[in-house]
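> return atomic coordinates for the entry below.
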Amino acid sequence: MKSVLITGANRSIGLEITKQLSKKGVFVYLGTRDLEKGNKVVKQLNEDGYENIKAIQIDVTNQASILAAKAIVENEQGKLDILINNAGISGEFPQNASDTNIEAIQNVFDTNFFGVISVTQAFLELLKKSESPRISNITSGLGSLTLHSDPTWKYYNFKSAAYGTSKAALNAYTINLAYELKDLSFKVNAIDPGYTATDFNHHSGPGTIESAASFIIKHTLTDDSAPTGQFYSNDIEDETGISPW
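Coordinates of the predicted model:
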């Protein structure tokens, strides 16, 4: 049975990914900062018929928490097949480039960028023991420099000096990591679930969490011939789903 760690999985898109992967026969470590809340979520999932799910405490901004989570996975599984770096924060708005407090920007980067790096580096040892390791970094179309430079893009006027830049940095890290691991069996991709109605955006997005989770899983549970180092977006309306960087 394949195993997956999903950070920020106790609600919203992360929770829906958990449900869908459970139904596909994957053992899911439901990453949560609050283990008590995570256990309550798992209890409800079990009552609803979902199996092979375990809550695991992990705060992506805390190295001791990350290493403790790694120790649990290593002890129980001996390896990890899939890492979905889903945890993220938006920060307070507006986020003007000229006057957003530097501490506010750093706070967003700590979770959305440095947190992903910390978790990924910690779990690489276990991922390398998998026959087909996958790393999916959950990003946003707001991290696309190409789209943000296009005045005809529908979200062109939504600029964010903390959130958008943190996702652009995450995209750049994804490219670097995919390149470093390209000669191994890894597939490392940035995946944008699209503008989805979640607590994250006060349910303003047009997309559903079911569609978002399905899209992420589609580009995570890939075969050995699938691309690596790509940027997929559920908001791209062609069959490839490939977004410009």
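
> need the three-state assignment for the residue lying closest to Leu15 once chain neighbours are set aside.
The spatial neighbour of Leu15 that comes closest, neighbours along the chain excluded (CB to CB, 6 or more residues apart in numbering), is Ala9 at 6.0 Å. For every residue, glycine as well, the C-beta is placed using N, CA and C. Classification of Ala9 by DSSP: H, G, I helix; E, B strand; the rest coil places it in coil.

> model confidence for Ala9, exactly?
If you check Ala9, the pLDDT there is 98.

> hmm, who's touching the longest helix belonging to the chain?
As far as residue count goes, and with DSSP state H defining each element, the longest helix of the chain is helix 163-180. When contacts are taken as CB atoms under 8 Å, 6 or more residues apart in numbering, the neighbours of helix 163-180 outside the stretch itself are 90-91, 95, 105, 108-109, 112-113, 116-117, 120, 135, 137, 139-140, 142-145, 148, 158, 186, 188-190, 228-229, 231, 245.

> next SSE downstream of that helix?
strand 187-192 (DSSP states H and E).

> same for that following strand, what does it pack against?
Using 3 or more CB pairs under 8 Å, 6 or more residues apart in numbering; DSSP states H and E, the elements in contact with strand 187-192 are strand 134-138, helix 163-180, strand 231-233.

> so which of the ones you listed comes closest to Thr61?
In terms of CB to CB, the element of the helices and strands packed on strand 187-192 nearest to Thr61 is helix 163-180, at 12.8 Å.

> got the CA positions of the closest one in PDB?
Taking only C-alpha atoms (Å, rounded to 0.1, in the frame of the first residue of the first chain), the coordinates of helix 163-180 have been written out as PDB:
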ATOM      1  CA  TYR A 163       1.100  35.500  -0.900                       C
ATOM      2  CA  GLY A 164       1.800  35.700  -4.700                       C
ATOM      3  CA  THR A 165       5.500  36.200  -4.300                       C
ATOM      4  CA  SER A 166       5.700  33.300  -1.900                       C
ATOM      5  CA  LYS A 167       4.100  31.000  -4.500                       C
ATOM      6  CA  ALA A 168       6.400  32.300  -7.200                       C
ATOM      7  CA  ALA A 169       9.300  31.400  -5.000                       C
ATOM      8  CA  LEU A 170       7.800  28.000  -4.400                       C
ATOM      9  CA  ASN A 171       7.500  27.500  -8.100                       C
ATOM     10  CA  ALA A 172      11.200  28.400  -8.600                       C
ATOM     11  CA  TYR A 173      12.200  25.900  -5.800                       C
ATOM     12  CA  THR A 174      10.100  23.200  -7.500                       C
ATOM     13  CA  ILE A 175      12.000  23.700 -10.800                       C
ATOM     14  CA  ASN A 176      15.300  23.400  -8.900                       C
ATOM     15  CA  LEU A 177      14.300  20.300  -7.000                       C
ATOM     16  CA  ALA A 178      12.800  18.600 -10.000                       C
ATOM     17  CA  TYR A 179      16.100  19.200 -11.900                       C
ATOM     18  CA  GLU A 180      18.200  17.800  -9.000                       C
END
